[in-house]
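Novice: quick check, what structure comes out for this input:
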Amino acid sequence: MKDRIRRLYPSAGDFEKEMKRIGVDSYALGIFQQKKETLLIKIDACRIEAANIIKQDALSVGADCVLPRSAISGRPDKTDIIVIGTQRTLEKLSEKLKEQPFGLKEVAEALISPLEPPRMIRARDKVVDLSSPVIMGILNRTPDSFYDGGYYSEQQELDKRVESMLEEGARIIDIGGESTRPGSREVSPDEEWERIEGALTLVRRLDSEILISVDTRKSEVARRSLDAGADMINDVSALTSDASMAEAVASAHSAVILMHMKGTPETMQKEPSYEDLMAEIFAFLKERSDAALRAGILGESVLIDPGIGFGKRTEDNAEIIRRLRELKSLGYPVVMGLSRKSFIGRLTGKDPEGRLWGTIAAHTLSLINGADVIRAHDVAAARQTLEIVEGVLNEKKK
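Specialist: Below is the predicted model of the structure:
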């Protein structure tokens, strides 16, 4: 008997195949799909009265709720909780909570209406399909970038680099004129623009449809770039370095990438630490995306980036990759910039030149965990990584 027993770990599509092999009635397939996966929903700073109601109602429908022992006595006034259940039991719990006080109607709605990022990016007059992830090629025009600083200073080298990225399948090209590596110095807007202008003009001449992103913290550089044909601003400060940046993006109907960074490029790696890494990143990106919307930036033009290597330790970067899907609850596409970064070097012992294979592994894990945009130096390798991950995981293509 024992040799006929095996534990299944199927995807949603493979689970359906197994049920059909058994002969499950078609009407029941959806019901059983909802019972397949255990979901964890964290609620921060929940009123203690509400937490106890959630616990009681969760148990009554076959779900559960993680509470501290102190919740039984009504202290403290608020607590973080984790609700545990399948999609089906969470739907039942939602129904019970709709009529409860203490703001539980909002919790009820959130349990059955998880936010999903849009399947597209709107950037000025362009739309990029995100039904599958896309590759953003890195075009550094800085002499001091950690990996390719100064590589593309000559026009012939720049031409070749841009042409290869287009041929290799980049859907976005991100042009940078100021290094943001740890300890890097800030440059003037004029110097930064001087580095960017020629590359931007070249990319737009070679491909009128490619999405051009400019990596800058300065509104003056952003405005010049947008006037010259850029479609997106990649702001590592998430619109905090320059008070005029949000207006510059909004007025041009540009897309924007909002990145989490602890400190500044000059200070970010000076003993960074977190009490709750994912909660802090989530809260920061929520606050900054809300600020972007208030400034008039369209929701479908906002992307978020957890900032791998920007004020993060090796263990922090690893946790972000493992738990990346949690950030999808914010409702925006997630950008991951992992390419040849120092945390890969610390895990592999390799210098930037030797970090390609580690980068491919990091890209693979990020794509599996929900990344929508992969920012990469090595476009061809990133593209093949994406094609394999999609080919294995995307059941609709099988």
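Novice: pLDDT wise, what is residue 374 at?
Specialist: pLDDT recorded at residue 374 is 98.
Novice: host element of it?
Specialist: Assigned by DSSP states H and E, residue 374 belongs to strand 373-376.
Novice: and residue 161, by the same measure?
Specialist: Per DSSP H and E, residue 161 falls inside helix 155-168.
Novice: ok, residue 128 next?
Specialist: Counting by DSSP H and E, the secondary-structure element that holds residue 128 is strand 126-129.
Novice: residue 378: what's it in contact with?
Specialist: For residue 378, the contacting residues are 339, 356, 359, taking CB atoms under 8 Å, 6 or more residues apart in numbering as the criterion. Every C-beta, even on glycine, is put in place using the N, C-alpha and C of the backbone.
Novice: so which of the residues you listed would you say is closest to residue 63?
Specialist: Nearest to residue 63 among the contacts of residue 378: residue 359, at 39.9 Å, using CB to CB.
Novice: shouldn't residue 53 be within a helix?
Specialist: Yes: the assignment for residue 53, made by DSSP: H, G, I helix; E, B strand; the rest coil, places it in a helix.
Novice: pretty sure it contacts residue 99?
Specialist: No: the pair residue 53 / residue 99 is not scored as a contact, 10.6 Å apart, by CB atoms under 8 Å.
Novice: looking at those two, which is more packed in?
Specialist: Looking at residue 53 and residue 99 with other CB atoms under 10 Å, you find the greater number of neighbours at residue 53, namely 20 against 9.
Novice: any idea which element the closest residue to the more buried one other than its chain neighbours lies in?
Specialist: By the measure of CB to CB, 6 or more residues apart in numbering, the closest residue to residue 53 outside its immediate chain neighbours is residue 100, 5.4 Å from it. With the criterion set as DSSP H and E, no secondary-structure element contains residue 100; it sits in neither a helix nor a strand.
Novice: what's the burial count for residue 100?
Specialist: Neighbours of residue 100 under the rule other CB under 10 Å: 17.
Novice: quick one, phi psi at it?
Specialist: Dihedral angles of residue 100 (phi, psi; degrees, to the nearest 10) stand at phi -90, psi 160.
Novice: if we can go back for a sec, partner strands of the strand holding residue 128, with direction?
Specialist: Each strand that pairs with strand 126-129, with its direction, by DSSP bridges: strand 120-123 (antiparallel).
Novice: tell me the buried residues in the strand it pairs with?
Specialist: If you call a residue buried by 16 or more other CB atoms under 10 Å, then strand 120-123 has these buried ones: 121-123.
Novice: coming back round to it: isn't the residue nearest to residue 53 right up against residue 52?
Specialist: No: between residue 100 and residue 52 there is no contact under CB under 8 Å: 10.8 Å.
Novice: check which helices and strands the helix holding residue 161 sits against.
Specialist: strand 134-140, strand 172-176, helix 189-206, helix 379-393 (3 or more CB pairs under 8 Å, 6 or more residues apart in numbering; DSSP states H and E).
Novice: and the angle from that helix to strand 134-140?
Specialist: 170 degrees (axes from the mean of the first three to the mean of the last three CA atoms, to 10 degrees).
Novice: and helix 155-168 with helix 189-206, angle?
Specialist: Per the same axes, to 10 degrees, the angle that helix 155-168 makes with helix 189-206 is 50 degrees.
Novice: next up, the contacts around the residue nearest the centre of the chain.
Specialist: When the chain is reduced to its mean C-alpha position, the closest residue under CA atoms, centre = their mean turns out to be residue 334, at 2.2 Å. Contact partners of residue 334, counting by CB under 8 Å, 6+ apart, are 117, 303-306, 324, 327-328, 370-373.
Novice: which segments of this structure make up each domain?
Specialist: The chain is divided into the following domains under automatic domain parsing: 2-34, 37-112, 120-397.
Novice: mean neighbour count, these: which tops it?
Specialist: When you average the neighbours per residue for each of the domains of the chain (mean count of other CB atoms under 10 Å), domain 120-397 leads with a mean of 19.
Novice: thinking again about what came up before, other SSEs contacting the strand holding residue 374?
Specialist: strand 134-140, strand 335-337, helix 356-368, helix 379-393.
Novice: other residues contacting the third one?
Specialist: Contacts with helix 356-368, where a contact means CB under 8 Å, 6+ apart, come from 133, 321-322, 324, 336, 338-341, 344-345, 347-348, 350, 371, 374, 376, 378, 381-382, 385-386, 388-390, 393.
Novice: and if you look at the shortest one?
Specialist: Surrounding strand 335-337, the residues in contact under the criterion CB under 8 Å, 6+ apart are 136, 257, 259, 303-309, 321, 324, 363, 366, 371-375.
Novice: go on, stretch 221-231?
Specialist: Judged by CB under 8 Å, 6+ apart, the contacts made with stretch 221-231 from elsewhere in the structure are 123-124, 126, 175, 177, 189, 192-193, 196-197, 200-201, 204, 211-214, 216, 233, 235, 245, 248-249, 252, 254-255.
Novice: low-confidence stretches in the stretch 1-150 of the chain?
Specialist: 1-3, 114-115, 144-150 (pLDDT under 70).
Novice: tell me where it has helices.
Specialist: In chain order, the stretch 1-150 of the chain shows helices spanning 12-22, 26-36, 48-60, 87-97, 104-112, with DSSP state H, counting those that start in this stretch as the criterion.
Novice: looking at those helices, which is nearest to residue 316?
Specialist: With CB to CB, the closest approach to residue 316 among the helices of the stretch 1-150 of the chain belongs to helix 104-112: 27.0 Å.
Novice: and that closest one with helix 87-97, angle?
Specialist: Computed by the same axes, to 10 degrees, the angle between helix 104-112 and helix 87-97 is 170 degrees.
Novice: helices or strands next to helix 104-112 in the packing?
Specialist: Under the contact rule (3+ CB pairs under 8 Å, 6+ apart), helix 104-112 is packed against strand 39-47, helix 48-60, helix 87-97.
Novice: try it again at 10 Å.
Specialist: Helices and strands touching helix 104-112, by 3 or more CB pairs under 10 Å, 6 or more residues apart in numbering; DSSP states H and E, are strand 39-47, helix 48-60, strand 78-85, helix 87-97.
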